[in-house]
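Chemist: Pasting the sequence and the predicted coordinates here, then a few questions.
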Amino acid sequence: MQSNQSKWSRITHAPLFMPIVCLIAVLVLNVIQTPTFFKISINNGVLYGYLIDIINRGSELVILAVGMTLVTAASGGQDISVGAVMAVAAAICCQLLTGGQKTSSTLAMPIIVAAIIGILVAGLCGAFNGFLVANLHIQPMVATLILFTAGRGIAQLVTKGQITYERAPSYKVLGGYIGKCPVPTPIFVAIITVIVMQLILKKTALGLYVESVGINGSASRLVGLNSTMLKFITYVICGLLAGLAGIVASSRIYSADANNIGLNLEMDAILAVALGGNNLGGGKFNMMGSIIGAYTIQALTTSLYAMNVSADQLPVYKAIVVVIIVVIQSPVFRDKIANASKKRKAVA
């Protein structure tokens, strides 16, 4: 009996237990509301279904959550500019592809070149944030508030205050489908991003160093770690990933809409990190937990739309559900539940 209890205790205290439970809970609620929620079909050679939509639409959020996790772990703060940085990367990419025109059906330069330039500019935005946080010791929320406020204005300047359309079929591939492949391309982009970042974190000491700096920056410096450089690197990575997410989002709508690309995604990325069981104060992190948290947020968004909740009302319902999930995941709540269970057993 004790062995079973100890096994159950190990399971419930596993880092991914609560994120997975929260995701399952959201999916179960969807099934109750929509019995055909798990149905997947192939129409016109592509996959359709609520699950496919969640995995597909959640790709950009997954990419952002990876970068946000590293920033949170290293600096104990969050980068609230990632949505605006997405818009900047998309604006630069589309402006280069159209040759400065409002709309174009041809390519002024190779897509890969324009995309890399857009992503590199996003990396510079991350470097700017990293300099303010790591070198000038400005609080992350305040430092990234600058680009959060000005980023979309920069994107508007790049596009001359208009929506830039790139209608070349090849540009739609990244946000659509590759040839006759039934699986949406953004899913592959998210998978490759996660695999590459996991390999970097596992095969190098970067993950361990980031956790060390987040736990105690002063102690890390004493053992020879350059905490300033490590924090700076995490913000650069976050910026690069935001740029990648921006290119994918732009390809979905074959345009650069500075006002709407990445809108409010910074909040969803932070929530994904929190739902993944990560400490928002920095230190140890769980990348897979953040990824599960991202899909939980996207599943919640998709389910609310399926319930005919309007876009204006969506944040209210989402906030209520997220508060419930975060409370359930909090150590204080879980300790109280555990103590209550022990008391019942003692009385029995």
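Modeler: Alright, I've got the coordinates. Numbering: from 1, shown residues only.
Chemist: And the strands in the protein, which stretches?
Modeler: Remark: strands assigned in the chain by DSSP state E are 41-43, 46-48, 103-104, 164-166, 255-256.
Chemist: Quick one, which of those gets closest to Y177.
Modeler: Y177 lies closest, by C-beta to C-beta, to one member of the strands of the chain: strand 46-48, at 6.0 Å. C-beta: built from backbone N, CA, C; applies to glycine.
Chemist: what are the pairing partners of that closest one, and which direction each?
Modeler: Using DSSP bridges, the strands paired with strand 46-48 are strand 41-43 (antiparallel).
Chemist: Tell me who's in contact with the nearest residue to S303 once chain neighbours are set aside.
Modeler: Counting by C-beta to C-beta, 6 or more residues apart in numbering, S303 lies nearest to N30, which is 4.6 Å off, once chain neighbours are set aside. Contacts for N30 (C-beta atoms under 8 Å, 6 or more residues apart in numbering) come out as F37, Y50, A299, T302, S303, A306.
Chemist: residue contacts, the first one?
Modeler: Same thing as F37. Counting by C-beta under 8 Å, 6+ apart, F37 touches L27, N30, V31, Y50, L51, A306.
Chemist: Quick check on it: phi, psi?
Modeler: phi -60, psi -40 (degrees, to the nearest 10).
Chemist: For G176, see how far away L240 is.
Modeler: Counting by C-beta to C-beta, to the nearest Å, the separation of L240 from G176 is 23 Å.
Chemist: hmm, I was thinking of Q298
Modeler: On the measure of C-beta to C-beta, Q298 and G176 end up 18 Å apart.
Chemist: who has more neighbours, those two?
Modeler: Using other C-beta atoms under 10 Å, the more surrounded residue of Q298 and G176 is Q298, with 23 against 15.
Chemist: Report pLDDT for the closest residue to that one other than its chain neighbours.
Modeler: Take Q298 and drop its neighbours on the chain: the residue closest to it by C-beta to C-beta, 6+ apart is G58, 3.4 Å away. pLDDT, G58: 95.
Chemist: show me what contacts Q198?
Modeler: Q198 neighbours (C-beta under 8 Å, 6+ apart): M287.
Chemist: ok, 10 Å please
Modeler: Counting by C-beta atoms under 10 Å, 6 or more residues apart in numbering, Q198 makes contact with V66, G207, M287, M288, I291.
Chemist: what's the answer for Y50, then?
Modeler: By C-beta under 10 Å, 6+ apart, the neighbours of Y50 are 27, 30-31, 34, 36-40, 299, 302-303, 305-306.
Chemist: let's see it at 6 Å
Modeler: F37 (C-beta atoms under 6 Å, 6 or more residues apart in numbering).
Chemist: roughly how far apart are it and K231?
Modeler: In terms of C-beta to C-beta, Y50 sits 39 Å off from K231.
Chemist: Grab the nearest non-local neighbour of L265.
Modeler: G83 (4.6 Å).
Chemist: which residues touch the one you found?
Modeler: By C-beta under 6 Å, 6+ apart, the contact list for G83 reads G262, L265, E266.
Chemist: cool, G289 as well?
Modeler: L16, P19, G276, G277.
Chemist: which of those residues count as buried?
Modeler: P19, G276, G277 (16 or more other C-beta atoms under 10 Å).
Chemist: Surely the second one touches I291?
Modeler: To tie it back to what came earlier, the one meant is G276. No. G276 lies out of contact with I291 (C-beta atoms under 6 Å); the separation is 7.2 Å.
Chemist: re the thing from before, of all the strands of the chain, which one is nearest I325?
Modeler: In terms of C-beta to C-beta, the element of these nearest to I325 is strand 46-48, at 28.0 Å.
Chemist: Show me what counts as buried in the closest one.
Modeler: So, applying 16+ other C-beta under 10 Å, buried residues of strand 46-48: L47.
Chemist: Contacts for that strand next, please.
Modeler: Residues contacting strand 46-48 (C-beta under 6 Å, 6+ apart): S41, P182.
Chemist: try it again with 8 Å
Modeler: I40, S41, I42, Y177, P182, V183, P184.
Chemist: Need the mean per-residue confidence for that strand.
Modeler: For strand 46-48, mean pLDDT rounds to 91.
Chemist: Stretch 322-338 too?
Modeler: Mean predicted confidence for stretch 322-338 is 74.
Chemist: Check the separation of the first and last residues in that stretch.
Modeler: Terminal residues of stretch 322-338 lie 22 Å apart, using C-alpha to C-alpha, to the nearest Å.
Chemist: What of stretch 211-228?
Modeler: OK, stretch 211-228 end separation, C-alpha to C-alpha: 13 Å.
Chemist: Quick check: buried residues in it?
Modeler: E211, S212, V213, G214, I215, G217, S220, L225, S227, T228.
Chemist: Give me the subset of these that lies in helices.
Modeler: E211, S212, V213, G214, I215, G217, S220, S227, T228 (DSSP state H).
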